[in-house]
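> take this sequence and fold it.
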Amino acid sequence: IHGWGSYLFDGLKYSYQLQTLKKQEALFNVGQKVTHLLEVGVYLGHSLLILLVSNPTLRITCIDNDARYSPKAVEYLNQHFGNRITFHLGDANEVLKTLPFNEYDAIHIDADHTHEAVQSHFVHSFPLAKKNAFFVFDDYEATQSLIDKLIADKVLTIIDLPRCLWTNIVTRLNI
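Model (predicted):
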């Protein structure tokens, strides 16, 4: 989609975005430490690829509301990585209500980057997280005040804040 980016697409052309390497490394590091991750927002599946490569036993549950790219990306990745991804097509907030509580040791929020959407995805995914789960928020700059408030309120602790293009922030639940 013109104007939408990813690790391999800058919104204009398809080429590797070296300026995102640090955020890729941060996500890779989380993937190495967990067994079951929830990803809200798939788009072209580049984050899924990084996570699958990071950990050969990682299971991923993911959600996206756009049928153009995500289902095909997940199908392709499942063919090459042993069907370790469970995909839900639909509105994230509705799907999150159907997932099991206390299930995920990491949650990657990377869908709509508005304050309202990120807050809603966090609130709906919070009960799904295990104790001390990682929360990774993509495009931190877009919702920095919201995430910083969760940190100031001691709900989350910063684990990694790579400074790069479209940076993410890796946090951990304090409960």
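> top helix in the protein by residue count?
Criterion DSSP state H: the longest helix present in the chain is helix 21-33.
> what packs against that helix?
Using 3 or more CB pairs under 8 Å, 6 or more residues apart in numbering; DSSP states H and E, the elements in contact with helix 21-33 are helix 46-54, strand 104-109, strand 129-137, strand 169-173. All C-beta atoms are positioned from the backbone trio N, CA, C, and that covers glycine.
> what are the pairing partners of the third one, and which direction each?
Sheet pairing here is set by DSSP bridges, and for strand 129-137 it gives strand 104-109 (parallel), strand 169-173 (antiparallel).
> which residues in the protein form strands?
Along the chain, the stretches classed as strands by DSSP state E are 36-40, 59-64, 85-89, 104-109, 129-137, 156-160, 169-173.
> how about the residue lying closest to Leu161 once chain neighbours are set aside, what does it touch?
Counting by CB to CB, 6 or more residues apart in numbering, Leu161 lies nearest to Ile169, which is 5.1 Å off, once chain neighbours are set aside. Ile169 is in contact with 136-137, 140, 147, 158, 160-161, counting by CB atoms under 8 Å, 6 or more residues apart in numbering.
> is it true that Phe134 touches Asp160?
No: Phe134 lies out of contact with Asp160 (CB atoms under 8 Å); the separation is 9.6 Å.
> which residues do the two both contact?
Shared contacts of Phe134 and Asp160, counting by CB under 8 Å, 6+ apart, come down to Val170.
> of the two, which one has the most company?
Phe134 (25 against 19; other CB atoms under 10 Å).
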